[in-house]
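Colleague: Provided below for reference: sequence and predicted model.
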Amino acid sequence: MRSNYKIGDVIRQVDTRNTDLLCDNLKGLSMSKEFRPSTSNIVGTDLTKYKIVQNKQFAVDFMSVIRVHKIPIALNFTNEQILVSPAYTVFEVKDESIILTDYLMMWFSRPEFDRYADFRSDAAIRGGYGWNELCDTNIYIPPIEKQREIVKAYKTVTDRIELKRKINDNLEATAQAIFKSMFIDYEGAVYSSYIDFEFGKYPASWNLVDLDTIIDVRDGTHDSPSPTEFGKYLITSRHLLPYAVDRSDAYFISEADFMKANERSKVEYGDILFSMIGTIGIISFITDKEIDFAIKNVGLFRTSQNSKIRYFILSYLKSKIVENYIASYMAGSTQSYVSLNVLRKIPLILPTEDVLQHFEKKVTPLYSKMIENTQEITKLNDLKDVITTSMSSL
């Protein structure tokens, strides 16, 4: 059986438009090669021109390669139609007796493919990696049984990751339900009176304070350190994950720039990061014992300095109180940006010591399990990368 192909030998373009307006499942493409909810304002947009992605079809955004140095591409694993921008290219495998659709998606997921596409994009006379370049890319295709073996191993890992994520979602919902019960709805409470404020209410025996009177609140560097070949990572809002940071597409900065950034905002285990630009309010609880990154344009809540209330502060930042407070500052603004002063002046309902201790005791096992699951997800992602990288040596 022939094993060396051009990708163009095994794929073909598909161009199905949303002419009947039957599909409204609009998605974009993420850097992690997945479909994501679209953030585009489609008011007044003619959606009949948008493309439909069926099950086992791919969508790719060639325009982003030269800007983000990765090729955003995703496979529709679901049985639901997905609607994408008319600027995207949609394609499918011609013959699954030659190459499995899932195997091809794995092949696209390799870092080597992104580096190759980025290289071709930089080297191109017109500065791009498009359909013709994709079709001209070489691919080694092993026998179909070998493909099935690799896909099965990969799916075992990804299924485990998805299970852990769902468990974390349930644990997160439980923790937030406990917070809401104790500090928003006051279910079962017998407080004699309450004091109202703009974003809620609190018992008269408690206090309402600015958050920065309880913990140190800072933000990351506003400089733009130059990328280096190796060194420490520079983390921005788009790298924040619930209990980790995503280093996969963060670039390195020099040791000197790392030290300079840390003079302003040194991150430690148990701190909380908060996105200040773009999608406001993405929250990351830092679980790394050794910090190998600096932050840029990211809020830093130094809960590492007050571990007795770290989960209370974490839950509070995720609450509707803070969400509505931030929204009040964003109303009418043309920029997706929140200032450091706004973060420092978050109104914090401060309960009595016994209530704080009771809450921390209830939620600590939940957060500990979420952190444990996240650490396992990180290891599983490393294993997933090993599997995809091994495809290069077949």
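Modeller: Received, thanks. Being a predicted model, the structure only gives us computed values, none of them experimental.
Colleague: Tell me how far D216 lies from K345.
Modeller: Plainly put, D216 is 14 Å away from K345 if you go by CB to CB, to the nearest Å. All C-beta spots, glycine's among them, are computed from the backbone N, C-alpha and C.
Colleague: now I291
Modeller: With distances taken as CB to CB, I291 is found 27 Å from K345.
Colleague: This structure: helices as residue ranges?
Modeller: With DSSP state H as the criterion, the chain has helices at 65-68, 101-108, 111-123, 131-135, 144-183, 255-265, 310-317, 320-330, 340-344, 353-390.
Colleague: Can you tell me which of the ones you listed is packed in deepest?
Modeller: helix 310-317 (a mean of 22; mean count of other CB atoms under 10 Å).
Colleague: Quick check: which helices or strands does that helix pack against?
Modeller: helix 144-183, strand 272-275, strand 283-285, helix 353-390 (3 or more CB pairs under 8 Å, 6 or more residues apart in numbering; DSSP states H and E).
Colleague: Check the offset of the last one from the chain's centre.
Modeller: Using CA atoms, centre = their mean, to the nearest Å, we find the averaged C-alpha position of helix 353-390 to lie 16 Å away from the chain's own average C-alpha position.
Colleague: Endpoints of stretch 243-260, how far apart?
Modeller: Start-to-end span of stretch 243-260 (CA to CA, to the nearest Å) is 25 Å.
Colleague: What of stretch 224-236?
Modeller: Termini of stretch 224-236 sit 11 Å apart (CA to CA).
Colleague: Can I get the helices of the chain in CSV including distance to Y194 and mean pLDDT?
Modeller: Converted to CSV, the helices of the chain look like this (distance: least, CB to CB, whole Å; pLDDT from 0 to 100):
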stretch, distance to Y194, mean pLDDT
helix 65-68, 49, 65
helix 101-108, 54, 96
helix 111-123, 54, 80
helix 131-135, 62, 94
helix 144-183, 12, 96
helix 255-265, 36, 93
helix 310-317, 18, 97
helix 320-330, 14, 93
helix 340-344, 25, 96
helix 353-390, 14, 94
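Colleague: Number of residues surrounding T213?
Modeller: Using other CB atoms under 10 Å as the criterion, T213 is surrounded by 12 other residues.
Colleague: Kindly provide the distance from it to M182.
Modeller: Counting by CB to CB, the gap from T213 to M182 is 21 Å.
Colleague: got the domain boundaries for this structure?
Modeller: Domain ranges of the chain: 4-141, 170-352, per automatic domain parsing.
Colleague: mind giving me TSV with the ones you listed and columns for distance to T374?
Modeller: Listed next are the domains of the chain as TSV, based on distance: least, CB to CB, whole Å:
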stretch	distance to T374
domain 4-141	16
domain 170-352	4
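Colleague: quick one: D15 and E92 touch, right?
Modeller: No - here D15 lies out of contact with E92, judged by CB atoms under 8 Å, at a distance of 11.2 Å.
Colleague: between the two, who's got more neighbours?
Modeller: Taking other CB under 10 Å, D15 and E92 do not tie; E92 has more neighbours (20 against 10).
Colleague: residue contacts, the nearest residue to P203 once chain neighbours are set aside?
Modeller: Excluding the flanking residues, the one nearest P203 by CB to CB, 6 or more residues apart in numbering is Y191, at 3.8 Å. Neighbour list for Y191: P203, A204, S205 [criterion: CB atoms under 8 Å, 6 or more residues apart in numbering].
Colleague: quick one, what contacts the last one?
Modeller: Taking CB under 8 Å, 6+ apart as the contact definition, S205 lies against Y191, S192, T352.
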